[in-house]
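Enquirer: Provided below are the primary sequence and the corresponding predicted coordinates.
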Amino acid sequence: MQTQTVKMVVTGPFSSGKTEFIRAISEIDVVTTEKDISSEAERQVKSYTTVAMDFGRITVDDDLVLYLFGTPGQRRFDFMWEILAEGMLGFVVMVDSTKPETFREAKSILETFKAYAPTPYVVAANKQDLGEAWNIDDLRIALRIEEGVKLLPCIASSKDSVKEVLLELLYSILEEMERS
C-alpha cells in the first residue's frame with residue numbers, strides 16, 4: 001500500500017508557540033526560517049521569529065505521514081500564509097491563552113485560513129499549564145468560537161499534548177474524507 005501524506009498547517013499570532021509545537025513532535029530536525037527580531041518591543045518577548053515557515057514530519061504508521069507547516073505569526077510575513085495553506089487538509093490555530101491582547105489577532109488568522117480552504121481545523125489553547133492561562137470555556141467566548149469547533153488545551157513543549165491536538169485534527173480530517 002502506498003504511503004498517504006497529510007499536510008497540516010500550524011498558524012497563530014506572533015509568539016503563540018507554533019515553532020515549539022512542531023519541534024515537540026517532529027521526528028526530523030525542524031526546518032526553520034528564523035531571523036533575529038529587530039523590533040525592540042518584540043525582542044522583549046523573544047529574540048527570533050519565523051519569517052517563511054517551519055517544517056516538521058511525523059510518521060504515524062507505515063501508511064500515514066503527517067507534514068507540519070508552521071506559518072510566520074507576524075502580519076508583515078502574511079504573504080506566506082496563502083502559499084502554505086495550498087494543499088492543506090487541515091490546520092491548527094495556536095492561541096497563547098495567557099495573552100488576551102492576542103485573541104483578536106488569533107480570531108482574524110482563523111477567519112483568514114477558513115477563507116483559504118474549507119478544511120477541518122482545531123484551536124489549540126497553548127500554555128494551559130500556567131496559572132494566568134484563560135480556561136477553555138472563557139477562551140471560547142472571547143474568541144467567539146462556535147460550539148462544534150474543537151478548542152483544545154495544549155502545552156506546546158509537551159509531545160503528548162501536541163500529539164492530542166494533532167490526533168483530534170486528524171480525526172476531523174478523516175471524518176471529512178469519509179463524508180465526501
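Expert: In hand now; what should we look at?
Enquirer: Could you say which helix or strand holds residue 176?
Expert: Taking DSSP states H and E as the criterion, residue 176 maps to helix 159-179.
Enquirer: Run through who's touching that helix.
Expert: Helix 159-179 is touched from outside by 6, 8, 21, 24-25, 58, 60, 66, 68, 89-92, 119-122, 124, 150, 152-156, with contacts defined as C-beta atoms under 8 Å, 6 or more residues apart in numbering. (Each C-beta comes from the backbone N, C-alpha and C, glycine too.)
Enquirer: buried ones in it?
Expert: Within helix 159-179, the residues scored as buried using 16 or more other C-beta atoms under 10 Å are 161-162, 164-166, 168-170, 172-173.
Enquirer: quick revisit: so which of the contacts of helix 159-179 sit within helices?
Expert: Secondary structure from DSSP state H places 21, 24-25 of the contacts of helix 159-179 in helices.
Enquirer: Please report which of the residues you listed has the highest neighbour count.
Expert: residue 21 (29 neighbours; other C-beta atoms under 10 Å).
Enquirer: Please tell me I have it right and that one contacts residue 10.
Expert: Yes - between residue 21 and residue 10 there is a contact under C-beta atoms under 8 Å: 5.7 Å.
Enquirer: which residues are common contacts for the two?
Expert: Common neighbours of residue 21 and residue 10 (criterion: C-beta under 8 Å, 6+ apart): 70, 92, 94.
Enquirer: In JSON lines: these, plus neighbour count, pLDDT and distance to residue 177.
Expert: JSON lines is the format used below for those (neighbours: other C-beta atoms under 10 Å; pLDDT from 0 to 100; distance: C-beta to C-beta, whole Å):
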{"residue": "70", "neighbour count": "30", "pLDDT": "92", "distance to residue 177": "23"}
{"residue": "92", "neighbour count": "27", "pLDDT": "98", "distance to residue 177": "18"}
{"residue": "94", "neighbour count": "30", "pLDDT": "97", "distance to residue 177": "24"}
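Enquirer: Among the residues you listed, pick out the one closest to residue 79, please.
Expert: If you rank the shared contacts of residue 21 and residue 10 by distance to residue 79 using C-beta to C-beta, residue 70 comes first, at 15.5 Å.
Enquirer: contacting residues for the residue nearest to the closest one when sequence neighbours are not counted?
Expert: Excluding its sequence neighbours, the residue lying closest to residue 70 (C-beta to C-beta, 6 or more residues apart in numbering) is residue 54, at 3.3 Å. Neighbouring residues of residue 54 by C-beta under 8 Å, 6+ apart: 10, 18-19, 22-23, 30-33, 68-70.
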